[in-house]
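1. Sequence below, structure please.
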Amino acid sequence: MSVRRPFAQQLPYVHTFADKAGWRKEIGDKLAKGEDPLAEERKLFWEGIAWRPSAAEIRAIEKLFDWLMATSDDAERRALWA
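-> Got it, this is the predicted structure:
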């Protein structure tokens, strides 16, 4: 039995000279000793973890939405939400 997989859509894209500018290293391109170009990105990532919801918070919200969807009356939903 063969497995049918959806086909990915591959759209052609042409990179302009401006797109490609800076893609390659130039002769003499080196980092200075102790230089870390990704330090700021890593810092933002780890600081962002603090404000992401925890699994318990997501479960609580999902439970609230389950309660809200248990009724089809909009007035009851507003009362539950309040």
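
2. okay, CA-based contacts and neighbour counts for the rest of this
-> OK.

3. shaky segments in the chain?
-> Flagging of the chain using pLDDT under 70 yields the residue ranges 1-7.

4. Mind doing that once more with 80?
-> 1-11, 21-31, 80-81 (pLDDT under 80).

5. Okay, helices next: where are they in it?
-> Taking DSSP state H to define them, one finds helices in the chain at 17-20, 39-49, 55-69, 74-81.

6. I'd like those as TSV, with distance to residue 32 appended.
-> Listed next are these as TSV, based on distance: least, Cα to Cα, whole Å:
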stretch	distance to residue 32
helix 17-20	24
helix 39-49	14
helix 55-69	41
helix 74-81	56
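
7. Mind putting those helices into CSV with distance to residue 31 and mean neighbour count?
-> Output for the helices of the chain, formatted as CSV (distance: least, Cα to Cα, whole Å; neighbours: other Cα atoms under 10 Å):
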stretch, distance to residue 31, mean neighbour count
helix 17-20, 21, 8
helix 39-49, 13, 10
helix 55-69, 40, 12
helix 74-81, 55, 12
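
8. of all those, which lies closest to residue 26?
-> When the helices of the chain are compared for distance to residue 26 using Cα to Cα, the nearest one is helix 17-20, at 13.2 Å.

9. who does that closest one touch, helix- and strand-wise?
-> Packed against helix 17-20 by the contact rule (3 or more Cα pairs under 8 Å, 6 or more residues apart in numbering; DSSP states H and E) you find no helix or strand.

10. how much space between residue 39 and residue 45?
-> Counting by Cα to Cα, to the nearest Å, the gap from residue 39 to residue 45 is 10 Å.

11. Now the common contact residues for these two.
-> Counting by Cα atoms under 8 Å, 6 or more residues apart in numbering, residue 39 and residue 45 have no shared contacts at all.

12. next one: stretch 73-82 to chain centre, how far?
-> 32 Å (Cα atoms, centre = their mean, to the nearest Å).

13. Kindly report the same for stretch 14-34.
-> The answer for stretch 14-34 is 27 Å, by Cα atoms, centre = their mean.

14. May I have that stretch as CSV, with CA atoms only?
-> Extracted in CSV, the C-alpha atoms of stretch 14-34 (Å, rounded to 0.1, in the frame of the first residue of the first chain):
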residue,chain,number,x,y,z
VAL,A,14,14.9,34.8,-8.3
HIS,A,15,17.4,36.5,-6.0
THR,A,16,18.5,39.9,-7.2
PHE,A,17,22.1,41.2,-6.9
ALA,A,18,21.0,43.3,-3.9
ASP,A,19,19.6,40.1,-2.2
LYS,A,20,22.9,38.3,-2.7
ALA,A,21,25.1,41.1,-1.6
GLY,A,22,26.9,40.1,1.6
TRP,A,23,26.2,36.3,1.3
ARG,A,24,29.8,35.3,0.9
LYS,A,25,32.8,36.0,3.0
GLU,A,26,35.3,38.4,1.7
ILE,A,27,39.0,37.9,1.9
GLY,A,28,40.1,38.8,5.4
ASP,A,29,36.6,38.4,7.0
LYS,A,30,37.3,37.2,10.5
LEU,A,31,35.7,37.8,13.9
ALA,A,32,37.6,39.8,16.4
LYS,A,33,38.8,37.8,19.4
GLY,A,34,35.8,37.4,21.8
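
15. Cool, thanks, signing off.
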